[in-house]
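Asks: model this:
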Amino acid sequence: GKEDELRFTQSMIFILRYIGFFLSLMGTMICLIIQEFLKVKTVEDEDMEAQNRGITAIISVFTLAMTSNLVLYTKQLSTEVCIALNAISALCAVLGVRAFYAILIRRQTTGRQLYEDPDFQEAQADLKSQKKVMPLLF
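Replies: Numbers count the residues shown, from 1 in each chain. This is a model prediction of the structure:
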């Protein structure tokens with residue numbers, strides 16, 4: 001009757017909110033991948049703090065996604081609906097990791113390698129020569 005309709009409506013509202021939140025997370029992940037891609041292409045000497053911010057942002061997106069999947073089971077949704085939404089989010093996570101690999105990791109290994117980079121080798125040689133001149137400072 002009326003209670004079943006209300007429960008169904010509340011479940012549908014929650015599912016739509018979940019989907020909206022998850023799409024927002026995927027948009028955030030796409031932005032992070034693009035940001036990291038642009039850093040790889042434009043910034044050769046990125047400091048460690050900037051690298052940590054990127055990693056922290058990616059970890060936080062995955063943590064939010066996992067938490068939202070667990071919240072599904074606290075609502076009055078059927079197990080089948082929870083499993084279906086978990087499966088969709090798992091597929092999106094796999095696609096996100098694949099995109100991260102294809103856009104960032106693979107491009108880094110096919111592009112300039114740090115230790116083979118002439119600028120890096122020159123900087124290392126300069127550092128070694130400075131150590132010889134001022135050994136106490138290095």
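
Asks: Can you give the contact residues for the one helix or strand residue 95 maps to?
Replies: Residue 95 belongs to helix 79-100 when assigned by DSSP states H and E. Helix 79-100 is contacted from outside by 11, 15, 18-19, 22, 26, 29-30, 33, 36, 58, 62, 65, 68-69, 72-73, using C-beta atoms under 8 Å, 6 or more residues apart in numbering. All C-beta spots, glycine's among them, are computed from the backbone N, C-alpha and C.

Asks: filter the residues you listed to the buried ones?
Replies: Listed as buried from the contacts of helix 79-100 are 15, 18, 22, 26, 29, 33, 36, 58, 65, 68-69, 72; burial here means 16 or more other C-beta atoms under 10 Å.

Asks: Lowest-confidence entry in those residues?
Replies: The member of the buried ones among the contacts of helix 79-100 with the lowest pLDDT is residue 36, at 73.

Asks: That residue: what secondary structure?
Replies: helix (DSSP: H, G, I helix; E, B strand; the rest coil).

Asks: now the residue most central in space within the chain, what's its secondary structure?
Replies: Nearest to the mean C-alpha position of the chain, by C-alpha atoms, centre = their mean, lies residue 58 at 3.0 Å. At residue 58, secondary structure determined by three-state DSSP is helix.

Asks: now it, nearest residue through space, not along the chain?
Replies: residue 32 (5.7 Å; C-beta to C-beta, 6 or more residues apart in numbering).

Asks: Might one say that that neighbour is in contact with residue 56?
Replies: No: counting by C-beta atoms under 8 Å, residue 32 does not reach residue 56; the two are 10.3 Å apart.
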